[in-house]
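Trainee: Okay, sequence plus prediction incoming.
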Amino acid sequence: MPIRAVLWDVDDTIFDYASADRVGMRRHLKAEGLPDGYDSVGQALDSWRAITEQQWARFADGETDFQGQRRDRVRSFLRTELSDADADAWFEGHVAHYEAAWSLFPDTVPVLDMLADEYRHAVLSNSSIHNQDRKLRVLGVRHRFEAVVCAVELGISKPAAGAFHAACDAIGLKPHEVAYVGDHPDIDARGAVAAGLAGIWLDRTGLGGRPELTRITGLDQLPGLLRGDTRFGAPDTFG
């Protein structure tokens, strides 16, 4: 049976999260000052990114909740103990700068336009509906997705099969009728394949490797891949 719908990851797939986070944090540090223990803003930004990845992994594994990972990111980054209220306040300062830097990748809207008449569309994210629904509305693309399904509300996150299946259920399709597009080879592409979907790794940075996965390096390659659907039997030939 052919692919009938595309499920999308949001951050670093259609939305340039990495750039917005880095620009936002740079502006936040300009306002707050460079914390003790960092020799440069660049070092601090790299540390923030690494801490974010560590804390998101803890959240995905169920070791902390959504707000908890935010607070732990701040405490780890500042290398100091803070009350919940102080950690929340510091993070909200960052959020204001981060949101001011929001933008879609340049290929997002053109590809959504190209696929609009042939495929249904929905979102599956490891974030929260509060964050992602609002983000998609601010960016002007929420109306393009039938459903936005998020891990915080589900109580289960990618790469667990249940997360992918819940998103398929939200649009009333079987997993084999759905393709999933995301920027992470394991959480997104491999997880989708294990759940019975057609998993597609969007490797924007050209990392390469992982020949077992179907890989594209830009969304402009997605329409041709979907329209030539052979259940994606020739992995890693699109980038």
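Mentor: Nice, I can see it. No experiment lies behind these values; they were computed from the predicted model shown.
Trainee: When you work out contacts or count neighbours from here on, use the C-alpha atoms and nothing else.
Mentor: Noted.
Trainee: helix or strand for R73, which one?
Mentor: Taking DSSP states H and E as the criterion, R73 maps to helix 66-78.
Trainee: now for the following helix or strand past that helix, which elements pack on it?
Mentor: With elements assigned by DSSP H and E, the helix or strand that comes after helix 66-78 is helix 84-100. Applying 3 or more C-alpha pairs under 8 Å, 6 or more residues apart in numbering; DSSP states H and E, we find helix 84-100 packed against helix 17-32, helix 66-78.
Trainee: average pLDDT across the helix or strand just after helix 84-100?
Mentor: For helix 84-100, the following helix or strand on the C-terminal side (DSSP H and E) is helix 108-115. Averaging the model's pLDDT scores along helix 108-115 yields 98.
Trainee: Which residues belonging to the next helix or strand after helix 108-115 are considered buried?
Mentor: The helix or strand immediately downstream of helix 108-115 is strand 120-125, counting by DSSP H and E. Neighbour counts over strand 120-125 (16 or more other C-alpha atoms under 10 Å) mark 120-125 as buried.
Trainee: Show me the contact partners of the helix holding R73.
Mentor: 35-36, 47-48, 51-52, 55-56, 58-59, 81-82, 84, 87-88, 90-91, 127-128, 152 (C-alpha atoms under 8 Å, 6 or more residues apart in numbering).
Trainee: what angle separates that helix from helix 84-100?
Mentor: 90 degrees (axes from the mean of the first three to the mean of the last three C-alpha atoms, to 10 degrees).
Trainee: Can you pull the domain assignment for this protein?
Mentor: The chain breaks down into these domains under automatic domain parsing: 5-16+104-227, 17-100.
Trainee: weakest of those by average pLDDT?
Mentor: domain 17-100 - the lowest mean pLDDT of the domains of the chain, at a mean of 93.
Trainee: Would you mind measuring the gap between the ends of it?
Mentor: Separation of the first and last residues of domain 17-100 by C-alpha to C-alpha, to the nearest Å is 12 Å.
Trainee: how distant is that domain from the center of its chain?
Mentor: What separates the centre of domain 17-100 from the centre of its chain is 17 Å, taken as C-alpha atoms, centre = their mean, to the nearest Å.
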